[in-house]
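In: here you go, sequence then predicted model.
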Amino acid sequence: MIDIALRNKVPGAVRAMVRDLDGRDVVWVDVEASDHRGALTSASSSVLEAAAVTALRERLPLVGVIRSSGADIVEGFAALHGWGRAAKALTDCSGVVPTVLIVDGPAVSGPALLLGIADHVVMTEGSYAFVGGPTMVAEFTGVSIDNEELGGAASHARYTGAATLVAPDLAAATEAATTLLAYFPQHNDEEPPEWPTDDPVVRSVPEAGALIPPSSTGSYDVRAVIRALADDGDLLELRPRWASNVVTALTTIGGMPVGVVANQPLALAGTLDIPASQKAARFVAMCDAFNLPLITLVDTPGFYPGKDLEWRGMIRHGAQLVFAYGRATVPRICVILRKSYGGAYIVMDSKRMGNDLCLAWPWAELAVMGAGQAAAILQRRATPDERAAFEADYSERLLNPYIAAERGYVDAVIDPAETRSVIGEALRLLVDKRERIQPRAHDNTPL
């Protein structure tokens with residue numbers, strides 16, 4: 001299609017248009033730093049607002065390139081008002097059309113907060129984003145820090161989770177945004193687009209089970225399991241460096257785009273902490289908003305213990321993941337690969353949380369806690385031999401998926417080699433799943 005400019009006569013740093021991006025129509029916004037370092041006047045913010053309003057009205061994805069030093073100080077309060085209207089318009093798009101922001105320079109003050117509203121943020125390696133810059137940090141705290149350390153792409157990829165992906169330059173960032181959008185529909189009333197594939201959905205995957213170490217404490221890379229299950233071994237991992245004890249990834253199975261949440265035994269033994277709960281909860285909510293089925297791969301001994309985590313709000317943040325799964329209405333399939341203990345068993349989309357299919361591999365361990373932990377509590381005064389006997393008996397009687405299957409908490413114990421074909425068939429049967437939600441103004445998400 002021919003690019004259609006939006007409010008192209010309005011002066012300022014922002015340009016907007018409806019354009020073709022790799023075969024699909026999107027609303028494209030560009031904040032150009034060469035014009036007053038991308039400072040947002042009320043007029044230029046109105047273009048950003050108009051772009052978001054157009055995306056919402058026409059049900060088109062919104063893609064923006066941000067290079068802005070913040071609201072225009074010279075214009076003053078009017079500039080703040082304009083930025084606020086743009087933020088409101090972008091918020092209105094949330095959950096209706098996919099939104100992707102590319103940071104290719106500074107994103108300072110107000111524009112930085114837009115990154116937290118967008119579904120995805122792609123940062124180029126030389127970009128940076130923060131609400132209060134190095135000057136303010138030095139003035140208020142006495143600490144000298146540069147742009148890169150305070151809010152560079154590497155910092156946001158590793159410490160804050162604000163960056164979904166990091167790319168070398170604008171061209172690579174645009175390609176990453178295109179790849180991201182390929183998994184999503186144009187808007188929330190559509191199904192995700194099918195991907196062409198020659199990989200048969202009934203393909204046996206014995207290599208998936210072979211990845212699990214014989215020892216219950218052995219580590220492995222759960223991404224290899226995801227690749228074994230995915231079409232052609234492809235996956236797009238989101239926020240790979242932040243909260244690496246949980247993996248969130250987009251892939252396809254039988255040509256159908258799906259979101260995958262998986263515990264990562266390579267980091268913190270796959271335990272859940274605050275960042276992991278936030279990362280997974282945000283991903284689950286996003287998949288639910290845009291009709292992507294959820295595949296949850298479980299291998300966790302529970303929540304990571306510690307005074308610091310509890311004082312920082314482990315209860316509230318852990319509840320975010322429970323809440324996200326509890327309100328998700330898309331098809332949900334859970335596969336217990338190995339350990340599923342305690343509260344983490346519940347929050348990783350257990351059967352009673354409402355998933356559509358719960359599968360377990362034959363060596364899966366479902367229990368309140370592991371044998372060693374149970375012995376430490378129940379056999380405190382026992383001799384070493386008595387403790388060893390207790391652990392052996394506990395493991396044999398309770399640490400297996402068949403007890404849970406007898407009680408309906410697991411739908412089937414399957415051969416790992418059959419996992420891809422079972423998931424593929426379940427996705428086919430669940431393709432027309434619909435749930436009616438009781439009317440309410442909105443839910444009260446734990447934040």
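Out: Happy to help now that I have it.
In: my guess is Arg239 contacts Thr248. True?
Out: Yes. If you go by Cβ atoms under 8 Å, Arg239 and Thr248 touch, sitting 6.4 Å apart. C-betas here are computed from N, CA, C, even on glycine.
In: was I right about Val202 contacting Gly424?
Out: Yes. The criterion here is Cβ under 8 Å, and Val202 meets it with Gly424 at 7.1 Å.
In: neighbour-wise, which of the two wins?
Out: Between Val202 and Gly424, counted using other Cβ atoms under 10 Å, the more crowded position is Gly424 (20 against 11).
In: and the gap between that one and Glu58?
Out: Taking Cβ to Cβ, to the nearest Å as the measure, Gly424 and Glu58 are separated by 34 Å.
In: in the stretch 201-350 of the chain, which spans are helices?
Out: Taking DSSP state H, counting those that start in this stretch as the criterion, the stretch 201-350 of the chain contains helices spanning 206-210, 222-229, 274-289, 307-311, 314-327, 342-347.
In: re the thing from before, can you list residues touching both of Arg239 and Thr248?
Out: Applying Cβ atoms under 8 Å, 6 or more residues apart in numbering, one finds that Arg239 and Thr248 are jointly contacted by Lys279.
In: give me the buried positions along stretch 150-163.
Out: Buried residues in stretch 150-163, counting neighbours by 16 or more other Cβ atoms under 10 Å, are found at 150-153, 155-158, 160-163.
In: contact partners of that stretch?
Out: By Cβ under 8 Å, 6+ apart, the residues outside stretch 150-163 that reach it are 103, 112, 115-116, 121-130, 133-134, 137, 148-149, 166, 239-243, 275, 278-279.
In: if I've got this straight, Met19 is in a helix?
Out: Check again: residue 19 is Arg, not Met. No. Looking at Arg19 with DSSP: H, G, I helix; E, B strand; the rest coil, it is strand, so not inside a helix.
In: so where's the stretch 51-200 of the chain shaky on pLDDT?
Out: By pLDDT under 70, the weakly predicted segments of the stretch 51-200 of the chain are 72-77, 79.
In: how does it look with 90?
Out: Residue ranges of the stretch 51-200 of the chain with pLDDT under 90: 68-84, 86, 109-111, 132-143.
In: how about the strands in it?
Out: Along the stretch 51-200 of the chain, the segments classed as strands by DSSP state E, counting those that start in this stretch run 62-68, 99-108, 120-124, 128-130, 165-167.
In: rebuild those as TSV, extending it with mean neighbour count and distance to Pro213.
Out: Below are these laid out as TSV (neighbours: other Cβ atoms under 10 Å; distance: least, Cβ to Cβ, whole Å):
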stretch	mean neighbour count	distance to Pro213
strand 62-68	26	42
strand 99-108	26	38
strand 120-124	26	34
strand 128-130	26	40
strand 165-167	22	30
